[in-house]
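Novice: I need the structure of the sequence given here:
(one chain, ligands or ions: 1)
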Amino acid sequence: MVEPRHVTVIGAGVVGIATALTLQRDGHRVTVIDRLAPGQATSFGNAGGMGVTEMQPASLPGTIWKVPGWLTDPEGPLAIRPAYLPRLAPWLWRFWRAGGWDKVTALADAQAALNDRARADWQPLLAAATLTDQLKVNGALTLYRDDAGYRADALSWQLRRERGVEIHAVGPDEIHQLEPDIGPGFARGVLMPDWGHVLDPERIVTGMATRFVGDGGEIVRAEVTGLVTEAGQPEGGRVTALQTTIGERPVDRLVVCAGAWSHKIAAWLGDTVPLESERGYHVTLPAAPVALRRMVIIGEDHFVMTPMSMGLRIAGTVEMGGLDGAPNMARARVLLDKARRVLPALVGAAAVEGKTEWSGHRPALPDTIPVISAAPGFANVFYGFGHGHLGLTQAAVTGRILADLLGEGETGIDVSAYRVGRF
Ligand SMILES: Cc1cc2nc3c(=O)[nH]c(=O)nc-3n(C[C@H](O)[C@H](O)[C@H](O)COP(=O)(O)OP(=O)(O)OC[C@H]3O[C@@H](n4cnc5c(N)ncnc54)[C@H](O)[C@@H]3O)c2cc1C
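Specialist: Got it, this is the predicted structure:
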């Protein structure tokens, strides 16, 4: 039996709201605080993938040597804003170090441990919010133009295979049968049946938030500007209140799920976390005359296409330039240009009528895996952030683990890999 607490969650993105709903269902009284309405930051516009097979770290042996080519290609999948490079250098160093042969299998195991539980932990939350029909488990199809493209990703396929992921190699004829709208020019495909996607990532957050409020949860709209702490022995200090734009609010237990901004809050507690924004972009085409049956990933070009309830969403790109600069929407248009080379039906003005463009900040740690952890110096504080490309996928399992840590229950998973102090 968990002792009921009042828990404050900073952040109303998919991770914060999934955590809040889980804590509430465990019997706690929960307040969520965010400067925005639920799901209006990064969780609004992601590609919707339940990428449960994606355990390979972003940094793999050899990845770093691909970076110069990506950076010099104006249509490449990675951009670094030059003025930001000096601030980014320590993160890049850590990223490179995380890609050593001695590290990747442990990182892949840690990511796989979360992904293995991801769908099971989503089920009760989706059911509670009557969102079960929003998740389609139709698999994902990754496409390569030639063998060289496939071979460049060979290690990530090997890591998946070694961890039991079901993978089917398909050729041009099967690609056409699986996805008739895809144009010619792809020599190899890889089908992963375990993938799923949601029909609208924003709706997943707002649907859970509605259920949370309906069951007595509180959502407060304000920015957290500081923390009031008191020292304590022997169990460490405590956070006693939040300073916010609408005044001070008392705290019993605190969970930080503030996405790409979380390191700023952790720093107030003396925890230095190398969290950076990997800005991504999407274009959504409500009138696209295309009916993809599943998520399609273009291997060489590093972008994805998802059939959603509001249209076809094309998403991708990693742009590293901090949290403060304006987005470069030309990058969203590059995604559209690339998609037009894959889906012949997108050529022509009618196909893109009503299109919307968006960008958001993926919260990225250099070793790819998130922080899911108690705060070392503060007995009543917990962290859940840094999910990078997998925040939607891992939101529910993160919420479940945080609720177990907070309730001093069994997490059912070795959480040492996700500790905040690992850097
Ligand atoms: C283009 C793109 C495609 C993606 N595709 C996928 C995908 O297919 N599958 C997948 O699993 N993931 C995907 N992701 C990643 C996923 O979207 C993120 O990992 C996830 O949304 C992060 O959720 P979050 O709740 O941590 O952060 P957010 O949604 O950013 O929420 C954090 C919240 O904290 C609030 N906040 C921060 N600081 C404060 C403060 N001081 N005071 C008050 N409020 C504060 C912010 O306002 C914000 O609302 C994609 C991301 C992008 C950009």
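Novice: use CA for all of it now, contacts and neighbours both
Specialist: Noted.
Novice: tell me which parts of the stretch 251-400 of the chain are close to the ligand?
Specialist: In this structure, the stretch 251-400 of the chain approaches the ligand at residues 257-261, 279-282, 315-316, 360-362, 385, 387-393, judged by Cα under 6 Å from any ligand atom.
Novice: So which of those belong to helices?
Specialist: Gly391, Leu392, Thr393 (DSSP state H).
Novice: would you turn those into CSV with neighbour count, distance to Arg81 and pLDDT?
Specialist: Listed next are those as CSV, based on neighbours: other Cα atoms under 10 Å; distance: Cα to Cα, whole Å; pLDDT from 0 to 100:
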residue, neighbour count, distance to Arg81, pLDDT
Gly391, 26, 24, 98
Leu392, 28, 26, 98
Thr393, 28, 28, 98
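Novice: Looking at those residues, which one is closest to Gly348?
Specialist: Out of those, the one with the shortest distance to Gly348 is Leu392. That distance is 32.6 Å, counting by Cα to Cα.
Novice: quick one: contacts for that closest one?
Specialist: The contact partners of Leu392, taken as Cα atoms under 8 Å, 6 or more residues apart in numbering, are Val14, Val15, Ser43, Gly48, Gly49, Met50, Pro201.
Novice: With respect to Pro250, which of the ones in helices among the residues of the stretch 251-400 of the chain next to the ligand is nearest?
Specialist: Closest approach to Pro250 among those (Cα to Cα): Gly391, at 28.5 Å.
Novice: what sits against the closest residue in space to that closest one that isn't next to it in sequence?
Specialist: Using Cα to Cα, 6 or more residues apart in numbering and skipping residues adjacent in sequence, the residue nearest Gly391 is Val15, 6.8 Å away. Contacts for Val15 (Cα under 8 Å, 6+ apart) come out as Cys257, Gly259, Gly384, Phe385, Gly391, Leu392, Gln394, Ala395, Ala396, Thr398, Gly399.
Novice: How many residues are close by the second one?
Specialist: The one in question is Gly259. A count of nearby residues for Gly259, using other Cα atoms under 10 Å, gives 29.
Novice: my guess is it meets Gly360, correct?
Specialist: No. Using Cα atoms under 8 Å, Gly259 and Gly360 do not qualify as a contacting pair, with a distance of 10.7 Å.
Novice: hey, what's in contact with both of those two?
Specialist: Contact with both Gly259 and Gly360 is made by residues Thr42, according to Cα under 8 Å, 6+ apart.
Novice: can you tell me how far Phe95 sits from the ligand?
Specialist: In this structure, Phe95 and the ligand are separated by 18 Å, where distance is defined by Cα to the nearest ligand atom, to the nearest Å.
Novice: related to what we said a few turns ago, show me the residues of the stretch 251-400 of the chain next to the ligand that map onto strands.
Specialist: Filtering those for membership in strands, criterion DSSP state E, returns Arg279, Gly280, Tyr281, His282, Ala315, Gly316, Gly360, His361, Arg362, Phe385.
Novice: OK, contacts around the second one?
Specialist: When you say that, I think you mean Gly280. Residues counted as contacts of Gly280 (Cα under 8 Å, 6+ apart) are Ala315, Gly316, Thr317, Val318, Glu319, Ser359, Gly360, His361, Arg362.
Novice: ok, back up a step: helix or strand for the residue nearest to Gly391, which one?
Specialist: helix 14-25 (DSSP states H and E).
Novice: quick revisit: of the contacts of Leu392, just the buried ones, PyMOL syntax please.
Specialist: The following PyMOL selection, which keeps only the buried ones among the contacts of Leu392, applies the criterion 16 or more other Cα atoms under 10 Å:
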select buried, resi 14+15+43+48+49+50+201
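Novice: ok, and the closest non-adjacent residue to Thr105?
Specialist: When the adjacent residues along the chain are set aside, Thr105 lies closest to Leu159, with 7.5 Å between them (Cα to Cα, 6+ apart).
Novice: ok, now Ala128?
Specialist: Nearest to Ala128 is Arg211, by Cα to Cα, 6+ apart, at 7.2 Å.
Novice: ok, Val255 touching Ile17?
Specialist: No. Taking Cα under 8 Å as the contact criterion, Val255 and Ile17 are not neighbours in contact, 11.2 Å apart.
Novice: need the helices for the chain, in chain order.
Specialist: Counting by DSSP H, the segments of the chain that form helices are 14-25, 63-72, 85-98, 101-128, 147-152, 154-162, 172-178, 201-214, 262-268, 330-342, 391-406.
Novice: which of these sits most buried?
Specialist: helix 14-25 (a mean of 28; mean count of other Cα atoms under 10 Å).
Novice: touching the ligand at all, it?
Specialist: Yes. Looking at helix 14-25 against the ligand by Cα under 6 Å from any ligand atom, the contacts come from Val14, Val15, Gly16.
Novice: and what of stretch 137-145?
Specialist: No. Contact check for stretch 137-145 against the ligand, using Cα under 6 Å from any ligand atom: none in range, with a minimum separation of 10.9 Å.
Novice: what does stretch 224-232 give?
Specialist: Yes. Counting by Cα under 6 Å from any ligand atom, the ligand has neighbours in stretch 224-232: Val224, Thr225.
Novice: How far off centre is that stretch?
Specialist: Distance, stretch centre to chain centre, for stretch 224-232: 28 Å (Cα atoms, centre = their mean, to the nearest Å).
Novice: ditto for stretch 323-338
Specialist: The chain centroid and the centroid of stretch 323-338 are separated by 19 Å, computed with Cα atoms, centre = their mean.
Novice: how long is it end to end?
Specialist: In terms of Cα to Cα, to the nearest Å, the two terminal residues of stretch 323-338 are separated by 26 Å.
Novice: Can you name the residues in contact with that stretch?
Specialist: With Cα under 8 Å, 6+ apart as the contact definition, stretch 323-338 has outside contacts at 75, 260, 277, 281-283, 301, 303, 314-317, 357-359, 361.
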